[in-house]
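> Compute the structure for the input listed below.
(2 chains)
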Amino acid sequence: MIDFKDIIAKEIYDEAMGLSTDEIRDLIEIPGDEKMGDYAFPCFRLAKALRKAPQMIAADIAGRISGNDAFENVENVNAYVNFFINRAFFAGQVIDEVEEKGSEYGRSDVGAGRKVIVEYSSPNIAKPFHIGHIRSTVIGNAIYKLYDAVGFDVIRINHLGDYGTQFGKMIVAFRKWGSEEELAKDPIKTLLGYYTKFHQEAKKDPSLEDEAREAFVRLEAGEPEETALWKKFRELSLAEFNRVYDMLGITFDSYAGESFYSDKMPRFIKELKDKGLLIESQGAQIVDLEKYGMSPAMITKSDGSSLYVTRDIAAAVYRKETYDFYKCIYVVASQQNLHFRQWKQVLELMGYTWQKDCIHVPFGLVSLSDGDDIKMMSTREGTVVFLEDVLNTAVEKTADIMKEKNAQGIDIDEVSKEVGIGAVIFQELSNNRIKDYTFSWDKVLNFDGETGPYVQYTHARASSVLRNASEEEMAALRSADIDWSYLESDSAYTLVKLLYRVPEIVLEAAEKYEPSIVTRHLVDIAQAFNKFYHDEHILVDNRDEKLAKLALVLASKTVIANCLGLLGIKAPERM
RNA sequence: GCGCGCGUAGCUCAGUGGAUAGAGUGUCUCACUCCGAAUGAGAAGGCCGCGGGUUCGAUCCCCGCCGCGCGCACCA
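Sure thing, here's the model as predicted:
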């Protein structure tokens, strides 16, 4: 694919500037306003070296460059040299490339031969899969797809929260108030009920907390009764989680959660002791991190049982030894920033220099609106919105809209799932992941404007246009020489430029662990396509013009589908 | 109190050390005898939290405030 920045940098290069072509390349900008050209080179930085006003330098450079096929015009405006691309030439280059690569367009192989682990979703067993969990699940899945797209070998791990004192609580609660029949009917809601009750009762009778810790100690020691209960909770929960994962189209390579590491911890506790890092404090074993401005990392509690950090240390080393990863990415809420800093510091102190390849990818908090108040979701308080309910409601609403619009010849059951669930995923991936947000039914069920359904609609619309072309014309798109000069309009050109940038957008999104970069670009493409669609008639009588425009429609459809795929969203042909 | 993050249009959010700071939504208009109106066009809406500093140039980088959120050893 043609690289304009490269061409421009070589044209601009002059020894007296004191800049390498790479440095020049980095200075090249894409102006916000199309009237300023497609690429622009600001000359402010050269003023000192050349001892000339930036405006003069720009004029000199613009005057020097001429006769390059890639550009229609090069001119200077104030201190900028503005480059105008030869539109027909450019459209041909981009559309041919998309046509040739098809579903591979946007992908690359920069990560070839290297392994990346993405840990995401990681819900707590025996607790509801609520709207807060959508973040790690959907962002993590998109990051997996992005890394896969740029060529890495990706291992997806669902680090289930299937261990810890909370299971002591659950076991105690079940023994005191539980019943098998209730549990079988609606496992998670029932378990949540026990859990909530435990916390209510524990306020009155604090000895319950001790009882719970004791139960967890017995679980960790492998006592049969506690282990059997724990296994039951885990199986019932996983079955429910899988229902949601199926709806979202998400799978994992490993469900090795916290419990998986329970028998791997003694080695590290010994190692910490041998390395002189472990100190006893109030009966517990800790690593002092005061030097690093952090509170201590607790490795074992005074009753000898393990903690989160301990299990994460074991998990990290196990993964390094098992997979020899290039990067291990943890998609976990920003609330746990301190935990990850502590944990990385402990690994560093243990001499594991690869801890630098462990990357915490944080995201903001989801809260609930409660009248005028905004509050956190709390499993303990029982104030949660279930993700499954959100997905189902979105699907129902989509089906209603489709019926309203008299969708005929369309499988409403199938498509309403693709669109409804796509809407929820898209919404989740729209903003920078670090932003907090308040869950709102109105927002998640809005399908107008910058939304998933809008992008999918654009895809369906493009598909519809292509259905109106004859088989012979569709075949001609692949074989015939196309006259790209029919794609020189502003709206066609804006669209072509956005298609062109997709591979670099995908790479940037992967490097920044930021799927919203793709989401935003996708919206831009959809907007540009719709503008093109309104501005110009595609199925015109002139065969050459029709073929050129159809080729652009086909390329747009391909790119939209590819990008939706990267986000884990389907691209329906009709809706 | 300390640490981390956030603060841009009424609301939800993009954005970059550079040209006149952009979308969506909401409000008010306009466009379906025409390839899909879940669409497009237009109007209106801004001390880019406040004050310093660095720079030829700061919404962006640095420092200090203010506001909000999260976190700060026997939860995860």
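> Would you map the strands across the stretch 101-250 of chain A?
A:115-119, A:153-157 (DSSP state E, counting those that start in this stretch).
> Now mean neighbour count too, for these, in CSV please.
Every residue, glycine included, has its C-beta placed from N, CA and C. Below are these laid out as CSV (neighbours: other CB atoms under 10 Å):
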stretch, mean neighbour count
strand A:115-119, 25
strand A:153-157, 21
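> For residue A:516, find the nearest of the ones you listed.
Nearest to residue A:516 among the strands of the stretch 101-250 of chain A is strand A:115-119; the distance by CB to CB comes to 16.7 Å.
> Please put the alpha-carbon coordinates of that closest one into PDB.
Output of strand A:115-119 as PDB, limited to C-alpha atoms (Å, rounded to 0.1, in the frame of the first residue of the first chain):
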ATOM      1  CA  LYS A 115       2.700 -14.700  22.500                       C
ATOM      2  CA  VAL A 116       0.400 -12.400  24.400                       C
ATOM      3  CA  ILE A 117      -1.900 -13.300  27.200                       C
ATOM      4  CA  VAL A 118      -5.000 -11.400  27.800                       C
ATOM      5  CA  GLU A 119      -6.700 -11.900  31.200                       C
END
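> Just the residues contacting it, thanks.
Under the contact criterion CB atoms under 8 Å, 6 or more residues apart in numbering, strand A:115-119 has outside partners A:140, A:143-144, A:147, A:152-159, A:319, A:323-332.
> now do 6 Å
Residues outside strand A:115-119 that contact it (CB atoms under 6 Å, 6 or more residues apart in numbering) are A:140, A:143-144, A:147, A:152-157, A:159, A:319, A:323, A:325-330.
> hang on, the earlier thing: out of the strands of the stretch 101-250 of chain A, which is closest to RNA strand B?
For RNA strand B, the closest of the strands of the stretch 101-250 of chain A is strand A:115-119, at 12.6 Å, according to CB to the nearest atom of the strand.
> model confidence over that closest one, on average?
For strand A:115-119, mean pLDDT is 98.
> what's the answer for stretch A:63-79, then?
For stretch A:63-79, the mean pLDDT works out to 83.
> Over to that stretch now: how far is its first residue from its last?
From its first residue to its last, stretch A:63-79 covers 13 Å (CA to CA, to the nearest Å).
> Next: stretch A:70-86.
Separation of the first and last residues of stretch A:70-86 by CA to CA is 5 Å.
> and it, which residues are buried?
For stretch A:70-86, the neighbour count (16 or more other CB atoms under 10 Å) marks A:70-72, A:74-77, A:79-86 as buried.
> quick one, phi psi at the residue in the stretch 401-550 of chain A that RNA strand B sits nearest to?
Closest to RNA strand B within the stretch 401-550 of chain A is residue A:449: 2.3 Å, counting by CB to the nearest atom of the strand. Phi and psi for residue A:449, reported as degrees, to the nearest 10, are phi 80, psi -150.
> Against residue A:532, how distant is it?
Distance, residue A:449 to residue A:532, using CB to CB, to the nearest Å: 19 Å.
> Tell me which of those two has more neighbours.
Counted by other CB atoms under 10 Å, residue A:449 and residue A:532 do not tie: residue A:532 has more neighbours, with 23 against 8.
> That one contacts residue A:494, correct?
No. Using CB atoms under 6 Å, residue A:532 makes no contact with residue A:494, being 7.7 Å away.
> Output the strands of the stretch 101-250 of chain A as JSON lines; include the columns distance to residue A:103.
JSON lines is the format used below for those (distance: least, CB to CB, whole Å):
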{"stretch": "strand A:115-119", "distance to residue A:103": "22"}
{"stretch": "strand A:153-157", "distance to residue A:103": "18"}
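> Minimum distance to residue A:273: which of these has it?
Closest among the strands of the stretch 101-250 of chain A, using CB to CB: strand A:115-119, at 27.3 Å.
> Just want the angle from that closest one to strand A:153-157.
Relative orientation of strand A:115-119 versus strand A:153-157 (axes from the mean of the first three to the mean of the last three CA atoms, to 10 degrees): 20 degrees.
> if we can go back for a sec, between the strands of the stretch 101-250 of chain A, which gets nearest to residue A:24?
Among those, strand A:115-119 comes nearest to residue A:24, with 32.6 Å by CB to CB.
> can you list the residues of the stretch 451-575 of chain A near RNA strand B?
Proximity of the stretch 451-575 of chain A to RNA strand B, by CB under 7 Å from any atom of the strand, involves residues A:451, A:453-454, A:457, A:460-461, A:463-465, A:468, A:516-517, A:520, A:523, A:526-527, A:530-531, A:533-534, A:536-539, A:573-575.
> List the contacts of residue A:163.
Contacts for residue A:163 (CB under 6 Å, 6+ apart) come out as A:258-259.
> and with 10 Å instead?
By CB atoms under 10 Å, 6 or more residues apart in numbering, residue A:163 lies in contact with A:124-125, A:216, A:219-220, A:230, A:234, A:257-262, A:305-306, A:308, A:311.
> Please consider this matter closed, and thank you.
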